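**Student:** Return atomic coordinates for the entry below.
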Amino acid sequence: SRHFQVYVMCEIPSNVILAKEFAKRFDGFSIGSNDLTQLTLGIDRDNENLADLFDERNEAVVTLIKNVITDVKASGKKVGICGQAPSDHLGFAEMLVDAGIDSVSMNPDSVLPVRQRLAIHEALHPHAAHTGIEKVKDTLMGIEKEIEKVVDKVVHPHAQ
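**Tutor:** Numbers count the residues shown, from 1 in each chain. Model prediction:
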């Protein structure tokens, strides 16, 4: 189909470094923040001896994420992120939105708190990437509506 799009996972530093080249071949990017962090820092997140060092907020990781967002957006492509960082770390989702991210994937239990954080961020910083924050809020509202439907079916299983 002509509407079918292929996105590349951006999980290794070379994807970030060569983002402009990858943008010529793909319709968009999905940043895998867990793997990108692990490979940028050289830290196995599953190793209990090193787990405390694994942090998506590390300056090197944040710089790579901001750089790939900038390069992908400059190429006219979409970019999103999956991973726990926007849910787990205050300020991370806000940083992503300010950088121009198009979408954020997260666990259902994180949608409302992150959406509330973004609303506060938007109120405090009304001119900071306002188009980016609107896109993320629209995505989060869509997820929130789907969660409400599922909860409604569980709470009222016999309702039409």
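**Student:** which non-adjacent residue is nearest residue 85?
**Tutor:** In space, residue 85 comes closest to residue 56 once its chain neighbours are excluded; the distance is 3.8 Å by CB to CB, 6 or more residues apart in numbering. (Glycine included, C-beta is placed from N, CA and C.)
**Student:** what's near enough to touch the residue sitting nearest the centre point of the chain?
**Tutor:** Centroid-nearest residue in the chain: residue 81, 2.8 Å away (criterion: CA atoms, centre = their mean). With contact taken as CB atoms under 8 Å, 6 or more residues apart in numbering, residue 81 is in contact with 30, 31, 32, 33, 65, 96, 101, 103, 104, 105.
**Student:** The same query, at a cut-off of 10 Å, please.
**Tutor:** 10, 29-33, 36, 56, 65, 68-69, 92-93, 96, 99, 101-106 (CB atoms under 10 Å, 6 or more residues apart in numbering).
**Student:** Please tell me how far residue 46 sits from residue 81.
**Tutor:** 21 Å (CB to CB, to the nearest Å).
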